[in-house]
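In: Mind looking at a prediction? Sequence and model below.
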Amino acid sequence: MREVIMGYQGEMSLKGLNRNQFETALMKILRYRLKTVGKFNIYCAQSTFYMEPEEEDIDMDLAFERVSKVFGLAAVSRSVVCEKDFDTICRTAEEYLGQQLRDVRTFKVEARRADKTYPMTSPELMRELGAYLLGKHNYLRVDVRNPQFKVIVEIRDHGAYVHGPKIPGEGGLPVGTSGRALNMLSGGIDSPVAAYRMARRGLALDHIHFASPPYTSERAKLKVKALAQRTAVYTGSCNLFVVPYTKPQEYIRDNAPAMLFTVLMRRSMMRIANQIARRQGCEALITGESLAQVASQTVKALQCTDAAQDLPVLRPLIGMDKTEIIETARHINTFETSILPYEDCCTIFTPPHPKIRPELAEILEAEAGMPGLAALEQQAAEETERIRIRLDDEIDFE
Amino acid sequence: MLQNPGLHYLDNAATTIVAPEVADVIHRAMLEHWANPSSLYTPGAESEAALSAARAALARTLGCKSRELYFTSCGSESNNLALLGGALTKKFGKEIVVSGFEHPSVRRPLERLAGMGYTVHFVNPEPDGSLDIRKMLAHVNRSTILVACMMVNNETGARVEVEKLAAEVKKINPRTMVHVDAVQAWMRLPIKLANIDSLAVSGHKIHAPKGVAALYLSDSLAQSFQPPYLGGEQEREKRPGTENLPYALGLAAAAKRLAGNMKQRNEQIAALNRRLREGLSVFPEVEINTPENAVPELLNFSENCIKSETMLAYLAQQQIYVSAASACGRGQPSHTLAAMGRPALAIDTAIRVSFCADNTPEDVDAFLERFEEGMKTLQRIHK
């Protein structure tokens, strides 16, 4: 049996004249994701992407797994291609789907005929194939309104396709079609989820991480790398920028009121992120902030961080509860890594009583008292290390 | 370190650097003794002879018979084998007594047994880190099948007089099995096996590589011993699986290397320990967690100012390597210090320094110098 993978467009199919740009982008992504699995012929027809293996012994389970995590596909399925004569179609349907029909009580057959020269009409096909399958499974009933299982047959020019069950895809838009942004990755639960959410809206992204050795350890950095690798399954290969942030952080600690420390630090991080983003051609910053989760994420505090630099700051988790965020973190398989107990840059030097509603005026005043900060930020940005995160890299940190 | 003056490896309780002569023995054995020791042809017989020689050499360093020694893959395996096997063997009761500061490879198998219906008494150490063996003995009775205790604690270096404990246990109940985890004690203290039924030792704490260890099972226990896993007839069926011959030879070589000069090494290491204690005494915040009776190889203290994780990373920038609690916990808070009833701040700021004979006074000085800098410059915990 020759199997193919099919991906169905979601939101993309609503696009107007620029739809082919999205299709081209998605095709490019699919080609890239499947490149290391084997040789595939990938094309798009009638809002469906077809991925046909061109070699024997390709690991189709792996290919399917890869494809099911590509943004832009509302659903994915596998199907087998066979000769178009009716007997072969019947045998193929039984062989491919028989096991699954044994687990249900009701089913229906759907048929589509792209090849209009085919001797049977679609209703005839449905009826005859349904009768054949009923003969094989005498406990089944046909239910055309609400079947537990749908057998779908498609007659196309060069063969008949018998479809397996459709599985929901990740939805969203192809990565890269909305531009590029820089995600601030701390090592906690939220930031990988933020990256996932924004990549799903079509943003290609790089990550930036602030490390403060010796307060943060080498293991904390490896943890962040592992998080970037896990999200790369969705976002594709990317860069991880690690900023050596000890000096600016110590400078702020020593020269500013303790209760404003967190907001001042976030503003400083935003400024460095802005520099790196511009260098990388990123058009926005992404953070995992969720309103009122901590003192630096109140509306007032967000106003202060927003004013630090001029790129738009995207906060996809702003209205989400922690429980919802954790749910998504589990879905994208980053939760277990995120909760490893290593200190990160956001938790060190934090004052016991931070100011919950800081005023921008007092923040600016505090910054005026730190004339040396800009130079330290500049130096940190220049000494930033770039780590390449590739989709196929093994995650070597548990 | 003697080998490399720039490196200050002070975490020898986590693991030790493999001695070059041990590595040589293993390298040669890998190339020469390739045959399975169970095979009948000549190379197989040669492998078996080499294995027997290694076992005999190892037995001499422990003062037991060769047939009482079983090669295993690690200290954890030795402990599991002895404890789970002991429970399968001793059927006359359901009570177990164990100290409250054991390594997880002793604690967790016993917790499993507790879940299977055994009554396990955990006896916590005193606030100074030492263990009162009278408190353990108080729990021993006619239905106690097993008493387990480590000889040297892996986090504080506290010594337990296991020989005395074993003798007293046997007076109360001669049928009780006594297991000793001697992984941290081996080659640091003389070990007398009288009254002890099983004892675990490990290679990578004595300059052999990771992946080889041994278990002593007394002849009398071995006769009825039911191993927890089954397989071929290797290691007299107590630990089935093809023997790791090169590493077994390495283990014997490492043991032989250290067995002769234990006293001299101890003096040398005690001097390092004194030097470190003196250096630390100038810091009013520092509290020593290691009890008086401890081995000199380990010194555990709390600086009560800076998170251990931060201090460790700061020291590591100068190739000074120490640890917080034990390496087996991977950053988890110390259960030994918690069992001693130490406050949270002391646990969060604990540092363990552990020596070997290759350490020099320069290592201690480098540590103290960097530690002092760290205490001055690093961010302190808000109290």
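Out: Structure's in. What do you need? Please read these numbers as outputs of a predicted model, since none were measured by experiment.
In: and chain B, which of its residues are near chain A?
Out: Proximity of chain B to chain A, by CB under 8 Å from any CB of the partner chain, involves residues B:307, B:309-317, B:331-332, B:374, B:378-379, B:382. Using the backbone N, CA and C atoms, a C-beta is placed for each residue, glycine as well.
In: now with 10 Å?
Out: Within chain B, the positions near chain A by CB under 10 Å from any CB of the partner chain are B:306-307, B:309-317, B:330-333, B:374, B:377-379, B:382-383.
In: State the distance from the spatially most distant residue from the centre of chain B to A:Leu205.
Out: Most distant residue from the mean C-alpha position of chain B: B:Tyr41, 38.1 Å away (CA atoms, centre = their mean). Distance from B:Tyr41 to A:Leu205, counting by CB to CB, to the nearest Å: 63 Å.
In: Give the helix, strand or coil label for the residue in the stretch 201-350 of chain A that chain B sits nearest to.
Out: When scored by CB to the nearest CB, the stretch 201-350 of chain A has A:Pro214 as its residue closest to chain B, at 3.5 Å. Here A:Pro214 is recorded as coil under DSSP: H, G, I helix; E, B strand; the rest coil.
In: Give me the neighbour count for residue 65.
Out: You didn't pick a chain, so chain A it is. By the criterion of other CB atoms under 10 Å in any protein chain shown, A:Glu65 has 14 neighbours.
In: please go with chain B instead
Out: The number of residues packed around B:Lys65, counting by other CB under 10 Å, is 14.
In: The residue farthest from the centre of chain B contacts B:Ala35, doesn't it?
Out: Yes. Contact criterion CB atoms under 10 Å: B:Tyr41 and B:Ala35 qualify, at 7.4 Å.
In: Kindly report the residues of chain A close to chain B.
Out: A:212-220, A:249-250, A:253, A:258, A:340-343, A:348-353.
In: returning to what we had before: give me the phi and psi for the residue farthest from the centre of chain B.
Out: phi -80, psi 170 (degrees, to the nearest 10).
In: about what we covered before: please type out the PyMOL selection for whichever of the residues of chain A next to chain B turn out to be buried.
Out: A single PyMOL command selects the buried members of the residues of chain A next to chain B (16 or more other CB atoms under 10 Å in any protein chain shown):
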select buried, chain A and resi 212+213+214+215+216+217+219+220+249+250+253+340+342+343+348+349+350
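In: Please, where are all the helices along chain B?
Out: Along chain B, counting by DSSP state H, helices occupy B:20-32, B:42-62, B:75-89, B:104-115, B:133-137, B:162-172, B:219-224, B:245-259, B:262-280, B:308-316, B:335-339, B:344-348, B:361-377.
In: So which bits of the fourth one are buried?
Out: Read that as helix B:104-115. Using 16+ other CB under 10 Å as the test for burial, helix B:104-115 gives B:105-107, B:109-110, B:113.
In: could you give the angle of that helix to helix B:75-89?
Out: Going by axes from the mean of the first three to the mean of the last three CA atoms, to 10 degrees, helix B:104-115 is angled at 30 degrees with respect to helix B:75-89.
In: what packs against helix B:104-115?
Out: Applying 3 or more CB pairs under 10 Å, 6 or more residues apart in numbering or on different chains; DSSP states H and E, one finds that helix B:104-115 contacts helix B:75-89, strand B:95-99, strand B:119-123, strand B:144-150, strand B:177-181.
In: For B:Leu215, find the nearest of these.
Out: With CB to CB, the closest approach to B:Leu215 among these belongs to helix B:75-89: 4.0 Å.
In: Which elements pack onto that closest one?
Out: Contacts defined by 3+ CB pairs under 10 Å, 6+ apart place helix B:75-89 against strand B:69-72, strand B:95-99, helix B:104-115, strand B:144-150, strand B:177-181, strand B:198-202, strand B:213-217, helix B:219-224.
In: okay, these in TSV with mean pLDDT next?
Out: Compiled in TSV, those are given as follows (pLDDT from 0 to 100):
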stretch	mean pLDDT
strand B:69-72	97
strand B:95-99	97
helix B:104-115	96
strand B:144-150	97
strand B:177-181	97
strand B:198-202	97
strand B:213-217	97
helix B:219-224	93
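In: closest to B:Gly231 out of the ones you listed?
Out: Ranking the helices and strands packed on helix B:75-89 by their distance to B:Gly231 (criterion: CB to CB) puts strand B:69-72 first, at 13.2 Å.
In: partners of the closest one, with directions?
Out: strand B:213-217 (antiparallel) (DSSP bridges).
In: For the helix or strand of chain B with the lowest mean pLDDT, what is the distance to the chain centroid?
Out: Within chain B, no helix or strand scores below helix B:335-339, which has a mean of 88 by mean pLDDT, DSSP states H and E. If you compare the mean C-alpha spot of helix B:335-339 with that of the full chain, they lie 17 Å apart, counting by CA atoms, centre = their mean, to the nearest Å.
In: what's the spacing between the residue nearest the centre of chain B and chain A?
Out: For chain B, the residue lying nearest the average C-alpha position, counting by CA atoms, centre = their mean, turns out to be B:Val183 (2.3 Å). Distance, B:Val183 to chain A, using CB to the nearest CB, to the nearest Å: 25 Å.
In: Is that residue in contact with B:Ser105, as I believe?
Out: Yes. Using CB under 10 Å, B:Val183 is in contact with B:Ser105, at 8.8 Å.
In: which residues do these two both contact?
Out: Common contacts of B:Val183 and B:Ser105 (CB atoms under 10 Å, 6 or more residues apart in numbering or on different chains): B:74-76, B:78-79, B:200.
In: Closest one of these to A:Thr328?
Out: B:Ser76 (36.8 Å).
In: So which bits of the helix or strand harbouring A:Tyr161 are buried?
Out: Element membership of A:Tyr161 [criterion: DSSP states H and E] is strand A:159-163. By neighbour count with 16+ other CB under 10 Å, strand A:159-163 contains the buried residues A:159-163.
In: Run me through the strand neighbours of it, direction for each.
Out: Sheet pairing here is set by DSSP bridges, and for strand A:159-163 it gives strand A:73-82 (antiparallel), strand A:149-156 (antiparallel).
In: Identify each buried residue in the longest one, please.
Out: Neighbour-count burial for strand A:73-82, with 16+ other CB under 10 Å as criterion, is recorded at A:73-82.
In: Quick check: the farthest pair among the residues you listed?
Out: Of all pairs drawn from the buried residues of strand A:73-82, the widest gap by CB to CB lies between A:Ala74 and A:Cys82 and measures 26.2 Å.
In: The one helix or strand A:Val263 maps to - what's its average pLDDT?
Out: Assessed by DSSP H and E, A:Val263 sits inside helix A:261-280. The average pLDDT within helix A:261-280 is 96.
In: quick one: contacts of the helix or strand following it?
Out: Sequence-wise, the next helix or strand downstream of helix A:261-280 (DSSP H and E) is strand A:284-286. Here strand A:284-286 makes contact (CB under 10 Å, 6+ apart) with A:178-185, A:191, A:194-195, A:197-199, A:203, A:205-208, A:269-270, A:273-274, A:276-277, A:305, A:309, A:311-317.
In: Thanks a lot, see you next time.
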